[in-house]
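>>> Starting from these lines, generate the structure:
(2 chains)
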Amino acid sequence: MTIVACSTPPGISGIAVVRVSGKNSIEKVSSFIKDSPFNKKTPLSKICFLVDKDGVAFDEAVVTSYIGPNSYTGEDLVEISCHGNPKIISKIIDLAVDVGSRLAEPGEFTKTAFLNGKLDLSEAESVSSIIHSMSIVGVKAGVKNLKGGLSEKIKLIKSNLISLVANLEFNLDISEEDLQPDLLESSEKTIKNVICWLEKCIITFNETKMFHSGASVVILGPPNAGKSTLFNCLVDKNQSIVTNVEGTTRDVVEKNIDINGLPVILKDTAGIRKSEDLVEKVGIEKSFNEARDADLILVLNDPDKTFNDGKHIHIFNKSDIEKPDGNYDILISAKTGNNVEKLKKVIYKSLVQGKAHDTLLTSKRQCLAVESSLKHIKEAYSLLVGENSLELLVEDINRSIHFLDEITSKTTKDDILDAVFSSFCVGK
Amino acid sequence: MKRQDKKFDLVVVGGGHAGIEAALIAHKRGVKTLLISMDKNSVGRTSCNPAVGGLAKGQMVKEVDVLGGMMGAFADLSTLQSKTLNKSKGRSVWSPRSQIDKNLYEKIAQSYIKKVGLEVLEAEVVSLYIKNNSILGVFLRDKTKISCSSVVLTCGTFLNGLIHIGKEQIKAGRYGEKRSEGITENLNSLGLVSGRLKTGTPPRIKRSTVNWKKGEAGYGDKKPSPLSYRTERFSPKNEPCYSFRTNKKTHELILQNLSSSAMYSGKNMATGPRYCPSIEDKVYKFDQNPSHVLQLEPEWTMSEQIYVNGFSTSLEEKIQLKSLRTVKGLEKVEFIRPGYAIEYDFFYPSQLKNTLESKAISGLFMAGQINGTSGYEEASSQGVIAGINSSCFILNEEPLVLKRNDAYIGVLIDDLILKDTDEPYRMFTSRAEYRLQLRSSNADQRLLEKSKKYRLLDNKTLKGLSKKIENTKKIVKHLENNNVKPQIINTRLEELNERPINEPTRISNILKRPKVSISDFKIDVVQLENSLTTHMKEEIFFEAETIIKYSGYINRQKEEIDKIKVYEEMIIPEQFDYNNIKSLSNESREKFINIKPQTIGQAQRINGIRPSDISILLVYLKRPFHVKQKK
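The predicted model follows:
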């Protein structure tokens, strides 16, 4: 089956790229190219006229053919770089469909590449992370993994675990004598190291998550402190309703914005006060929940520093009409925009400071696999110190390896035996 | 006997461990069976070390025993010392092993064969009589034809066997025994692919030339347990083995003379096993080890012939002797015969189904070293399965297939048919992903139902084992459903340095603690049936304790087994055309075409097959015209 889709975003643009992939994609595309020079044997890139069914040319485009398996998808693939007019794009897609192609599902080109063994799972995920990452740091991590950075690191951790299992298996499976004297100590050391590495993987993933999916920043404060005004000011649009009536904002309002290149999900909340109104009470509770999960909290006009939990900026708003009533980190006026640029810098610094920029895991799935792996290796550790029998220990380490296998390639029993034979003198 | 007139259902070629198990079980199941051996007196011979069982192998002997095989029973009657290995390690890797009297073992095997009336013929089979890919009979060297509809080939190391001692080469199947020629070429002409493998055996020395005082004596267990469930009384001799050690001088001599070794002299030789390396190998590859252990084992009771375990070699005889004499205590040692390496033909086992029947020729079964394995127990295991399944073939019954979570035998066969190893295959416990469930102590629980279905055991044994299993279940239930009071157990817990309990607690919960054992509780409340022997009672308590202690892990494994079950049952049609799937890599496609996995589960376990290959297969199989569900 041949699939077709436009690989560039919809709308008017300078250039758009339409991809056609599948067994007969080259022939199919040739049917609407004037004097097509393309064949199934040699890859080619050429400027061609695209012609409609009536034989009239409707665009001049750069057409590039790739011969499978030497293509992104692993099958024959044609890329048409046409002018970015939506009419032209849909014409090309229509023509491709007319000759027997079907519209590709989202991500289907990458899925095909995966099915054809062009990418492993972590590499396929990197592609998605490169496309969807909301910042350049995320893109860089994605590119690194596409080159196999993640696989390499996981392979290293795995090889440590495999040689550990080999050590234990030698004692269980081959040596008929008592355990090697230093076996337990050295196992403990290896396991501790692996725990440390895996934990670091998870921590950096969580810390750099905001580069992909955005940091959550919550505006919190007493009623009528100007939270919604600040929200609108940062969003640069009238999104939140602003009135003089306390308790206007009752549900959480959120918007994706960009602060100095960092993707931020900004959240406006209900003002915190004692209220008898049931709806408002629910709103206040939501404010607290949002604050708990936030990466950063902007606290407005709260001289008592009620929310003192280390991830907050204390802001005095309305500096244009009032004097600050306590010790604040920054004075602004959301209404006039005074000092708001400086606030953005402070927000950026607070979010990024001291956090890892470098991560290996780029998807939740990878992180879950590492978490499961960590859980089992920790289990192994407690078995080891609890003087349980060795085969149970091996069982948990094997489970731990199994979850890492979900990120890269599979470890087999032969890998373990190979490790045994290469490091021990087996046989009485 | 007028051979020409003879007609059998089944002919078993070869009288080693695979052959006798195959022939005996088929005979027991009422199939008219003939065992053909080149030498009647060598039937049941143990050609290498004088021991049965050992790590992973002891578990297999137990499994063979429940499936009606005789290895454990023969060994119990010829035991020189019995020991359970790995006692200091986890109980799923506890493995019984018996040193045996090799002469007695083959005598017992031969007299048992006579007693049950299995017919044995001394002759050499040179080819199979095959028409339309079905067996019609076998041809002997003297051109006699013997008719049959099924054949089990268990040729061991005899097919074109070639012995190497230094530069000397001798055509033989075993030392001093004629090799077999013709079968390989015959099967090759039918399209079956063969290869060469190598194995070795150490020198045999004279007891009277060893200074025994220099060795360290090793005895068996004080309370030995038999290998066979059928053995009622077991009080074997306890003859010691002695360990000696090689030294720097030994190693130097060997290294200087590597060129005289058949293996290292650069000649193209078949691959040998890495787990049973020659002394040349050990000295060369592990030069950091200053000394290797040699275990001197008697070959029969107080025998003059002593087996030098750990000194397998294909060095020139002169050098073998010289280097062995550098070992303290062996200064004056003399040979009965030197160590040697032997090369032989085997058939790539991926050409077999998981029933051990050939995919190409119906009714042809293979078992033992001819399938590329090594070890008496591996051979015996395959022999029993081939014997059962060839009789199923003849009796038109559904064949017996053991899964990887049923038995080591299941792991063995699954591995054999899915990966063409380039060294002789030996079982290790680590090959079994469900090792915690495949214990030597629960072989009966795992296999008794199958044994019943295929009528493999006598009624008395069957009844005894059923009763044992019932009683084990009863105790487990008791442990899971009853509490123990603090005043009863706390004193003991404190003695063990364990945290005491504050309130009545489930016995099973406390028993899961590593240091606590079932004997710490007073559970005589449970009435075990009186008819059980003391030994059986001990086994029941031990097994119940194990079930509780391992339950967490075993339940998790069971969940996994359930999860992958759908793949194990997803059949790949025999005619499935992998050439149609262009997206498979050439390498994977070739593997699929060669091995022809029967299920997706098998396909997943083929070496080098990537998860993406399986995804692709699944995509194709899920298309309605390919789906074929197992009934």
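>>> CA atoms for contacts and neighbours, from now on please.
Noted.
>>> quick check: longest helix of the chain.
No chain was given, so I picked chain A. Taking DSSP state H as the assignment, the helix of chain A that covers the most residues is helix A:183-213.
>>> Sorry, I should have been clearer: chain B.
Max-length helix for chain B by DSSP H is helix B:459-481.
>>> on that earlier part again, and the longest helix of chain A, what other elements does it pack with?
Of the remaining helices and strands, those touching helix A:183-213 by 3 or more C-alpha pairs under 8 Å, 6 or more residues apart in numbering or on different chains; DSSP states H and E are helix A:136-146, helix A:149-169, strand A:262-268, helix A:364-385.
>>> how about the shortest one: buried residues?
By neighbour count on 16 or more other C-alpha atoms under 10 Å in any protein chain shown, the buried set for strand A:262-268 is A:262-268.
>>> so which of the helices and strands packed on helix A:183-213 is the most packed in?
Of all those, strand A:262-268 has the most neighbours on average by mean count of other C-alpha atoms under 10 Å in any protein chain shown, namely a mean of 23.
>>> Tell me what angle whatever helix or strand comes next after that one forms with strand A:262-268.
Sequence-wise, the next helix or strand downstream of strand A:262-268 (DSSP states H and E) is helix A:278-293. Taking axes from the mean of the first three to the mean of the last three C-alpha atoms, to 10 degrees, helix A:278-293 and strand A:262-268 form an angle of 150 degrees between their directions.
>>> tell me the domain ranges of chain B?
Chain B breaks down into these structural domains: B:3-196+B:344-453, B:204-343, B:459-555, B:569-626 (assignment by automatic domain parsing).
>>> winner for burial among those domains?
domain B:3-196+B:344-453 (a mean of 22).
>>> chain center to that one: distance?
Centroid separation for domain B:3-196+B:344-453 versus its chain: 9 Å, with C-alpha atoms, centre = their mean, to the nearest Å.
>>> so how far is residue B:118 from residue A:424?
Distance, residue A:424 to residue B:118, using C-alpha to C-alpha, to the nearest Å: 45 Å.
>>> follow-up on the earlier one: need the domains of chain B in TSV (columns: distance to chain A and mean pLDDT).
Output for the domains of chain B, formatted as TSV (distance: least, C-alpha to the nearest C-alpha, whole Å; pLDDT from 0 to 100):
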stretch	distance to chain A	mean pLDDT
domain B:3-196+B:344-453	5	95
domain B:204-343	5	91
domain B:459-555	6	89
domain B:569-626	5	81
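>>> follow-up on the earlier one: tell me which of the helices and strands packed on helix A:183-213 approaches residue B:43 most closely.
helix A:149-169 (35.7 Å; C-alpha to C-alpha).
>>> which residues in the stretch 401-550 of chain B form helices?
Secondary structure of the stretch 401-550 of chain B (DSSP state H, counting those that start in this stretch): helices at B:408-418, B:443-453, B:459-481, B:486-495, B:507-511, B:534-549.
>>> follow-up on the earlier one: max pairwise distance over the buried residues of strand A:262-268: which two?
Put simply, by C-alpha to C-alpha the two of those set farthest apart are A:262 and A:268, 18.5 Å from each other.
>>> Could you list the low-pLDDT ranges of chain A?
By pLDDT under 70, the weakly predicted segments of chain A are A:115, A:117, A:120-148, A:212, A:237-250, A:306-310, A:354-359, A:409-410, A:425-428.
>>> quick one: contacts for the residue nearest in space to the middle of chain B?
Nearest residue to the geometric centre of chain B (C-alpha atoms, centre = their mean): residue B:378, 2.3 Å. Residues near residue B:378 by C-alpha atoms under 8 Å, 6 or more residues apart in numbering or on different chains: B:57, B:60, B:368, B:409, B:412, B:426-427.
>>> Need phi/psi at the closest residue to residue B:417 other than its chain neighbours.
Distance criterion C-alpha to C-alpha, 6 or more residues apart in numbering or on different chains; nearest residue to residue B:417, sequence neighbours excluded, is residue B:350 at 4.1 Å. As for residue B:350, its main-chain torsions (degrees, to the nearest 10) stand at phi -70, psi -10.
>>> I am assuming residue B:350 contacts residue B:421, so please confirm or correct that.
No - if you go by C-alpha atoms under 8 Å, residue B:350 and residue B:421 don't touch, sitting 9.7 Å apart.
>>> on that earlier part again, for residue A:169, which of the domains of chain B is the nearest?
Relative to residue A:169, the nearest member of the domains of chain B by C-alpha to C-alpha is domain B:3-196+B:344-453, separated by 6.8 Å.
>>> Tell me which residues touch the residue of the stretch 101-250 of chain A found nearest chain B, please.
Relative to chain B, the nearest point of the stretch 101-250 of chain A is residue A:116 (5.2 Å; C-alpha to the nearest C-alpha). By C-alpha under 8 Å, 6+ apart, the contact set of residue A:116 is A:73-74, B:583-585, B:612, B:616.
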